[in-house]
Structures are given as structure tokens and as C-alpha cells.
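K.L.:
All I have is the shape, not the residue letters:
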């Protein structure tokens, strides 16, 4: 294969008929006879030009996460029993508790990790999916940056689940109070896992495919 | 079928690039979308292996010593790393406890074990069975290792409880703290491309 040496305008691996193994990065020439399953000769992973059914899988996860997001915020994540009195706390009331007690830093961290990040992630992924489905050529670099940001920060939403875990371990069967996990935390964990899977199934190469000259949908 | 590797395709946008030798502490990024292409990781095998062994020792320490203790009105309640998961499994659906167990302990543990097995087999020069599969699993599992998020969760909980009772940090907490740094260090020492090339017979 002859390629220009300036490192630019070489075209994509798919345009050259090459699979880019998503696990080990080996470039493998596409067989002439179409085969349903091609495996990487180096690491054994399944080879695809693009992630399979990327758009429908990502939409499925995004929509499911949007639905779970509602009970995650309405149902209590912790139930604190103090001297026989029970108090149920949702994610937002937990943030307000920290604000009232003056821990602004902690309130900010929880607000960003549990409320801003999941909403932003769902909005960004939906926007990216719309733009890819419309084969938009608008600002691909900015959209690629947005995607990478979503992929990086998504894990930090697990914060609230871990806070509940540590709280229930430390505050139990005491004279004064016990903290129990509420049903909201289950839905919230589902939102985090689903948005993480959504970010993994979305194929950022679809953003750039719309810019190719002879743009055909690359499917396998 | 496989091509010799002077070329690399961007993981995020599929653009082809030529692989060039990098100066120390440099990373190669895609010219079109800016995604990371490859890193300069000297002695990637030896360094990652050393760090993986350190990580496994820390993981052991984090699980056998007391993690956090809560002192309230003269009584001390001692917890270990696994306590939260056990209590959670009694109060919520089992899936939630399993998720916490996986992301805070099992996945980092499996990741380190898989690295030890794969890199160890390369170090001693024996082709142990299924090492490629294990390395592949290790790379796939990586995003689900969330020890650093768990550490922040501990910090938030301690601040929340600091007005009710005093929290005594245990040995395991410091081991866990060190483990977070060890797992982060693997990001800079491990270059999967080099490992795959060395493993390819």
C-alpha cells in the first residue's frame, strides 16, 4: 500500500478495506468473500468495520436510562432512622443537606456527579445520535470531543452508590441511628450502568463517516 | 491477512496514521479527531508487571485489615472493605451489591490478576494457555474498575458522618488509597500495542 508520508489525508482504514481490531489495534485486510464472523488473527477478538448495531443499541440504553432516571430521583436513596424517627432522603435532598450544613464543596461534588453528569450524558448522547442519523457534517471535531468527555466522566456518577454503601456499613444497629439503602439507589445504579454501556456501544467513527466523499453506510 | 505494522488506525475516527518512534514522555494523537493513538511507555512489560504485583499485595491488605471504624458514645463499630457489600445485599436487590462488589473490588482484582498472568508468562518466556484471552478480557474490563470513585465516596460519607461520630481510618483504607494510585500508574506504564506485538508468535 502506498501512502503519503506527511501523515495527513490517508483515508480511513475502512476506506482501504481494512478492519481495525478494536481490542489490539491490528489492521486486518477484509476477506474478498464476505464472511459473517471474522476474528482477529492476533488477539482473537471479533472484527467489525463499525460497532454492530451501534445506533439502535445506544438508543435502547439511552431511552432505558431516561426512564430509570425518574424513579432514581423521586425515590429515597437512604432511609435514616434516628431515635425511632425515620427520614427518607432522595439524591437532591442529600445535596440540600450538605448545602445547609455548610459543606459546599461536598454538595457541589454530589450535585455534579449525581445530577449534572447523568443529565448531560443523556443529552449529549441523544444529540450525537440525532446528528449521526441525519448524517450531519456540522463541527465533527467538537462532537468527537463531546463524546470523549462523556466517556471519561460517566463513571464518576457511581459516587452516590458508593456513598450509600459506605453509609450503610458504618451506621447500623447503633443506639442512635441506622442508615438503610432506599429503592432509589437501585434505579440510580441502573442509570449509571446503562449510560456507560450506551457510551461504549456508540461508535464515534460514525461522526466522521458522514464526511467521507462516497459516504455509504458501513454496516459490518 | 494481517498487515505489518507501520500503520495504525485511530480508535475513534478510523483515520490511518504512520507509526513513528516517540520521544520519552510523549503521546501520539490523531491528526483529525485528537484521540490518543499510542504512548511512549519504556519497559512496559517489566514496569507494568511490578506495578500489578504491588497492586495485588495492596488488594490483599485492603481486604484483611479493618477499613473504617465508627466511634460513637464509647462503642466502636469496625468494618472491612466487604462489609458495605454484605449489608447492601441484605437491604437491596442482590444485583446492586454485586455491582458494587464488581466495580470496587472484583474487577480491579481480575484486571491485576490477568495482567500478572499474561505479562508474567511473557517474562518467563512460556506461552501459558489462554493468556491472549485473559489480556483481552483485562482490557475490556478496565472501564468498570472504579476504585477512585469509591475513594471519593468514602470521603463524602466521612464528611457526612463527621458531625454524628468520629471515624477512625484503618490500615486497609491506606492500602486502598495506595491501590488507587497503583491502578492509575498502570495507565502510563502499560502500552497494549507493544504487549500484543510481543505476544504475537
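P.N.:
Structure's in. What do you need? If you're wondering where the values come from, they're calculated on a predicted model, not measured in any experiment. Numbering: from 1, shown residues only, chains lettered A, B, ... in the order given.
K.L.:
which parts of stretch A:77-93 are buried?
P.N.:
Of the residues in stretch A:77-93, A:77-81, A:89-91 count as buried by neighbour count, 16 or more other C-beta atoms under 10 Å in any protein chain shown. All C-beta spots, glycine's among them, are computed from the backbone N, C-alpha and C.
K.L.:
just the residues you listed now: which is nearest residue A:106?
P.N.:
Among the buried residues of stretch A:77-93, residue A:91 lies closest to residue A:106 (C-beta to C-beta), at 13.4 Å.
K.L.:
wait, what's in contact with the nearest residue to that closest one once chain neighbours are set aside?
P.N.:
Nearest non-adjacent residue to residue A:91, counting by C-beta to C-beta, 6 or more residues apart in numbering or on different chains: residue A:114, 5.0 Å away. Residues in contact with residue A:114 (C-beta atoms under 8 Å, 6 or more residues apart in numbering or on different chains) are A:91, A:95, A:157, A:159-160, A:188.
K.L.:
Could you grab the helix/strand/coil label for residue A:114?
P.N.:
Under the three-state scheme (DSSP: H, G, I helix; E, B strand; the rest coil), residue A:114 adopts helix.
K.L.:
Torsion angles phi and psi at the residue lying closest to residue B:140 once chain neighbours are set aside?
P.N.:
What sits nearest to residue B:140 in space, not counting adjacent residues and going by C-beta to C-beta, 6+ apart, is residue A:23, at 7.2 Å. When read as degrees, to the nearest 10, the backbone of residue A:23 gives phi -100, psi -50.
K.L.:
Next, count neighbours for residue A:23.
P.N.:
Look at residue A:23: counted by other C-beta atoms under 10 Å in any protein chain shown, it has 20 neighbours.
K.L.:
Could you do residue A:102 as well?
P.N.:
Residue A:102 sits with 9 neighbouring residues when counted by other C-beta under 10 Å.
K.L.:
so which strand or helix has the residue nearest the centre of chain A?
P.N.:
The centroid of chain A falls nearest to residue A:196 when counting by C-alpha atoms, centre = their mean (2.9 Å). Per DSSP states H and E, residue A:196 falls inside helix A:184-201.
K.L.:
Could you check that helix against chain B for contacts?
P.N.:
Yes - applying C-beta under 8 Å from any C-beta of the partner chain, one finds helix A:184-201 touching chain B at A:185-186, A:189, A:193, A:196, A:200.
K.L.:
How about the secondary structure of the residue of chain A found nearest chain B?
P.N.:
Going by C-beta to the nearest C-beta, chain B is nearest to residue A:162 of chain A, at 2.9 Å. Assigned by three-state DSSP, the conformation of residue A:162 is helix.
K.L.:
which residues does it contact?
P.N.:
B:100, B:104, B:146, B:149-150, B:152-154.
K.L.:
Could you work out the most separated pair of those?
P.N.:
Once C-beta to C-beta is applied, those give B:100 and B:152 as the farthest pair, at 14.2 Å.
K.L.:
Same drill for these two, tell me which one is more crowded.
P.N.:
Using other C-beta under 10 Å, the more surrounded residue of residue B:100 and residue B:152 is residue B:100, with 26 against 20.
K.L.:
my guess is the more buried one meets residue B:88, correct?
P.N.:
Yes - applying C-beta atoms under 8 Å, one finds residue B:100 in contact with residue B:88, separated by 6.2 Å.
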